[in-house]
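# What follows is a predicted structure for the sequence shown.
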Amino acid sequence: MPVIAAERPRKSFADRLRSGLPKLVLAPSFAVILIFVYGFILWTITLSFTTSRILPVYKWGGFDAYFRLWSQPNWYVAMQNLAIFGVLYIALCTAIGLFIAILMDQRIRAEGVLRPIFLYPMALSFVVTGTAWKWFLNPGLGLEHTMRNLGWESFTFDWLVNPKMAIYTVVIAGVWQASGFIMAMFLAGLRGIDGEIIKAAQIDGASTVSIYRRIIIPLLRPVFLSAFIVLAHMAIKSYDLVIALTGGGPGNATELPSTFMYSYTFNRNQMNVGSASAVMMLMGITAIIVPYLYSELREKKQ
């Protein structure tokens, strides 16, 4: 006797609409990201292999733009400045953020007031931050001018106009803005640690320093990794902070890959070289993010 397969119940229009509504809502955002993020990434990569100058030209130029990029002294200055800025920015933000988070984790009374104060700088745009620090560090009207008016005539703080020290003013402004955000990340990590582990260590006679060094800090490894990814990404793509604070100067003392890319693309009419520098920046960000994503996906599978 033949077996008759049971017919699946037909979904009503309301059921189909309910199941397809999330996809329908996400479709416009997905399309915008696909076109204006990944589409322009592919377009930039394409331009880096062309002979484009003032306007895009789709004549094949091979790797000529990359050879010209790596023959530019300004590019090496930008890479050197990025190394200085990136190392100090990541290290100081991490250290200061962790230190403040540990202090905040002591359940102080004013935590509800202090936490928004530390987080507030991150709510500001990089342009506002750069402009404010430009006024503060300007020798003619900022810190140096104020201290001399107060009677300290020999006080000098001219880092903003000193080519050898200007890059460190970018570090100061960047650390001031981002350290509060890193503090919030570490504070969330500290609050997520099981208190029973700490109590057991205290019962065993471990000192506070030993508890932090041997238990708490190792347990914050995922937060350290996330903070590094966020800060490294922000360091590589820093543009508006530098433009607002120093304009890339004095001279090219604070030139970064992002300012180099803008300058060569729109001011010096070498769009292919600018696109090649953008591809180098993309490769740098990819080299940081891909291992992080791989480790995260690997942990989830395990």
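Ah, there it is. Residues are numbered from 1 along each chain as shown.

# Give the phi and psi angles for residue 60, as a check.
Here the main-chain torsion angles of residue 60 (degrees, to the nearest 10) amount to phi -60, psi 130.

# Residues in a beta bridge with it, which ones?
Bridge pairing for residue 60 (DSSP bridges) gives the partners residue 50.

# and the gap between it and residue 107?
Taking CB to CB, to the nearest Å as the measure, residue 60 falls 64 Å from residue 107. From N, CA and C alone the C-beta is placed, and that goes for glycine too.

# mind listing the helices in the stretch 51-200 of the chain by residue range?
Shown for the stretch 51-200 of the chain, the helices assigned by DSSP state H, counting those that start in this stretch span residues 64-69, 73-104, 111-123, 126-137, 143-149, 166-191, 195-203.

# just checking, next helix/strand downstream of the last one?
What that stands for is helix 195-203. Toward the C-terminus, helix 195-203 is succeeded by helix 208-211 as the next helix or strand (DSSP states H and E).

# who does that following helix touch, helix- and strand-wise?
Secondary-structure packing of helix 208-211 (3 or more CB pairs under 8 Å, 6 or more residues apart in numbering; DSSP states H and E): helix 195-203.

# got the helices of the stretch 51-200 of the chain as JSON lines, with distance to residue 219, mean neighbour count and mean pLDDT columns?
Formatted as JSON lines, the helices of the stretch 51-200 of the chain follow (distance: least, CB to CB, whole Å; neighbours: other CB atoms under 10 Å; pLDDT from 0 to 100):
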{"stretch": "helix 64-69", "distance to residue 219": "43", "mean neighbour count": "18", "mean pLDDT": "95"}
{"stretch": "helix 73-104", "distance to residue 219": "13", "mean neighbour count": "18", "mean pLDDT": "95"}
{"stretch": "helix 111-123", "distance to residue 219": "21", "mean neighbour count": "13", "mean pLDDT": "90"}
{"stretch": "helix 126-137", "distance to residue 219": "32", "mean neighbour count": "18", "mean pLDDT": "95"}
{"stretch": "helix 143-149", "distance to residue 219": "40", "mean neighbour count": "14", "mean pLDDT": "92"}
{"stretch": "helix 166-191", "distance to residue 219": "8", "mean neighbour count": "21", "mean pLDDT": "95"}
{"stretch": "helix 195-203", "distance to residue 219": "8", "mean neighbour count": "12", "mean pLDDT": "87"}
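
# The residue most central in space within the chain: what secondary structure?
Nearest to the mean C-alpha position of the chain, counting by CA atoms, centre = their mean, stands residue 234 at 1.8 Å. Recorded secondary structure, residue 234: helix (DSSP: H, G, I helix; E, B strand; the rest coil).

# could you check the distance from the nearest residue in space to residue 250 that is not next to it in sequence over to residue 142?
The spatial neighbour of residue 250 that comes closest, neighbours along the chain excluded (CB to CB, 6 or more residues apart in numbering), is residue 163 at 4.9 Å. To residue 142, residue 163 is 18 Å away according to CB to CB.

# So which of the two has more stuff around it?
Set residue 163 next to residue 142 and count neighbours by other CB atoms under 10 Å: residue 142 wins out with 16 against 12.

# Which pLDDT does the model give the more buried one?
You'll see residue 142 listed with a pLDDT of 90.

# correct me, but it touches residue 131?
No - counting by CB atoms under 8 Å, residue 142 does not reach residue 131; the two are 12.0 Å apart.

# ok so, going back, in contact with the residue nearest to the residue nearest to the centre of the chain when sequence neighbours are not counted: list those residues for me.
Counting by CB to CB, 6+ apart, residue 234 lies nearest to residue 178, which is 6.7 Å off, once chain neighbours are set aside. Shown in contact with residue 178 (CB atoms under 8 Å, 6 or more residues apart in numbering): 89, 93, 121-122, 231, 234.

# Return the member of these nearest to residue 39.
Closest approach between the contacts of residue 178 and residue 39, by CB to CB: residue 234, at 23.7 Å.
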